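Peer 1: attaching a predicted model along with its sequence, questions to come.
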Amino acid sequence: MTDQTMPLQDLLDYCRAEQEAAQRQLSELQALIRQTSTDVERLAQRSLHLTNQIKQMESRLESIPPAEIIETYQSAMDVQKRLWLMRGQLEKFQGLEAHLQRYLDTLDRILSTLTLVQEEVSTSRPGVESSLIVRLFEAQEQERQRLVRQLHDGPAQALTNLVLQAEICERLFQRDPERAKAELAALKSAVVETFQRMREFLFDIRPMSLDDLGLVPTVRRYVEALKDKVKFSLNLQISGEERRMAAHQEAALFRIVQELLTNVRLHAQASQAVVRLAFQPQGVRLEVEDNGVGFDVEEALGNASRRKTIGLTSIHQWVEMLGGQLSITSAPGKGTRVTVFLPS
């Protein structure tokens, strides 16, 4: 093995080791999910039993000792709290499972690609291997950072708040049952909201519909859900004969839609935006256009911090690694149009 091929071989070895470690973690996590699911089912049955017991008690409160009533209510509260926490844990584990599975799928594709590169690297131009390695590692690290930010700002914070609310309910129940009931109602609402945020988080990580139904239904669902959260008019236009693409191409296009619409939400100050997907014989053309404040393209591409802020680094890497083309048209005060073409 020559010095020129060492970095590529090191990367192959690293990816294989990562694959083995991730597979072990996935197996352990799946075992934990099975155990947690069993615990959730057991607690749900216990909660139902206590609920029925309380209903029966309410019809004959005068004949039941107060201590027994308090004990039953406390047991019900304890089981409910544990059930909510366990369900939250289960949702979190399932989200991590989806992330690990997606990570393994990505490693499989990377290993397949690197194996081909290794076979052809001797005929490649100088520097191509190092450039590929840098792009792969940068893409991997950016994806990890994105997931960590989403997890910290969303589900992790929400679950922490649930635990605090449950502790407040528990402390209030003995001193002020009426206020405890009000807090419990608020806690139930928070649980529903948290589960919804968990579902949104899982959808952002890896929409199941992307594998099952494909790019168009997934983008359509994402755009429809986003309409309720943004202050600008948002539309989706589909043209050409819809068809399935390779899984990694569909995933990349969906991520690009997410990234570009996030830019519109956070930076564009637009009143209108449109997503266009055009299925052409040679490939798929994606276009996201808004009528916002726009920006100087050359300045943004030359400014590393600005480029990262609006996600151009990630988009450029994804498109380049998939052999596609990226075009950005914008100017201050004239909106922005980003066009991506991926060949079939």
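Peer 2: Okay, I see it. Values in this document were obtained by computation on a predicted structure and should not be read as measured data.
Peer 1: could you tell me the phi and psi values at the closest residue to residue 296 other than its chain neighbours?
Peer 2: Among residues not flanking residue 296 along the chain, residue 332 sits closest, at 6.3 Å (Cβ to Cβ, 6 or more residues apart in numbering). Yep, even glycine has a C-beta here, placed from its N, CA and C like the rest. Dihedral pair for residue 332: phi -50, psi 130, per degrees, to the nearest 10.
Peer 1: so residue 257 is in contact with residue 276, correct?
Peer 2: No. Assessed by Cβ atoms under 8 Å, residue 257 is found out of contact with residue 276, at 10.5 Å.
Peer 1: list the residues that are in contact with both of the two.
Peer 2: Residues touching both residue 257 and residue 276 by Cβ atoms under 8 Å, 6 or more residues apart in numbering: 286, 288.
Peer 1: those two: which is more packed in?
Peer 2: For residue 257 versus residue 276, neighbours defined as other Cβ atoms under 10 Å are more numerous around residue 257 (22 against 16).
Peer 1: the more buried one is in what secondary structure piece?
Peer 2: helix 247-263 (DSSP states H and E).
Peer 1: who does the helix or strand in which residue 41 is found touch, helix- and strand-wise?
Peer 2: Using DSSP H and E, residue 41 sits in helix 6-58. Packing partners of helix 6-58 (3 or more Cβ pairs under 8 Å, 6 or more residues apart in numbering; DSSP states H and E): helix 66-120, helix 128-151.
Peer 1: weakest of the ones you listed by average pLDDT?
Peer 2: Least confidently modelled of the helices and strands packed on helix 6-58 is helix 128-151, at a mean of 57 by mean pLDDT.
Peer 1: need the next SSE after the lowest-mean-pLDDT helix or strand in the chain, C-terminal direction.
Peer 2: One helix or strand of the chain scores below all others by mean pLDDT, DSSP states H and E: helix 304-309, with a mean of 51. Per DSSP H and E, helix 304-309 leads on to helix 312-321 as the next helix or strand towards the C-terminus.
Peer 1: in that next one, what counts as buried?
Peer 2: 312, 313, 314, 315, 317, 318, 319, 321 (16 or more other Cβ atoms under 10 Å).
Peer 1: any idea which helix or strand comes after that helix?
Peer 2: Helix 312-321 is succeeded, C-terminally, by strand 325-330 (DSSP H and E).
Peer 1: now the angle between helix 247-263 and that next one, please.
Peer 2: Counting by axes from the mean of the first three to the mean of the last three Cα atoms, to 10 degrees, strand 325-330 lies at 10 degrees to helix 247-263.
Peer 1: show me what counts as buried in strand 325-330.
Peer 2: 326, 328, 330.
Peer 1: ditto for stretch 243-253
Peer 2: Neighbour count says stretch 243-253 has 245, 248, 249, 250, 251, 252, 253 buried, by 16+ other Cβ under 10 Å.
Peer 1: what's the answer for stretch 97-114, then?
Peer 2: Using 16+ other Cβ under 10 Å as the test for burial, stretch 97-114 gives 97-104, 106-107, 110-111, 114.
Peer 1: run through who's touching stretch 335-344.
Peer 2: For stretch 335-344, contacts defined as Cβ under 8 Å, 6+ apart pick out 245, 249, 252-253, 256, 260, 263, 268, 270, 281-292, 294-295, 315, 319, 322-330.
Peer 1: now do the helices in the stretch 151-300 of the chain.
Peer 2: 157-175, 177-205, 208-212, 215-227, 247-263, 297-302 (DSSP state H, counting those that start in this stretch).
Peer 1: wait, residue 293 touches residue 271, no?
Peer 2: No. In this structure, residue 293 is not within contact of residue 271 by Cβ under 8 Å, at 11.1 Å.
Peer 1: which of these two has more residues huddled nearby?
Peer 2: residue 293 (16 against 11).
Peer 1: how about the more buried one: what's its closest non-neighbour residue?
Peer 2: residue 269 (5.0 Å).
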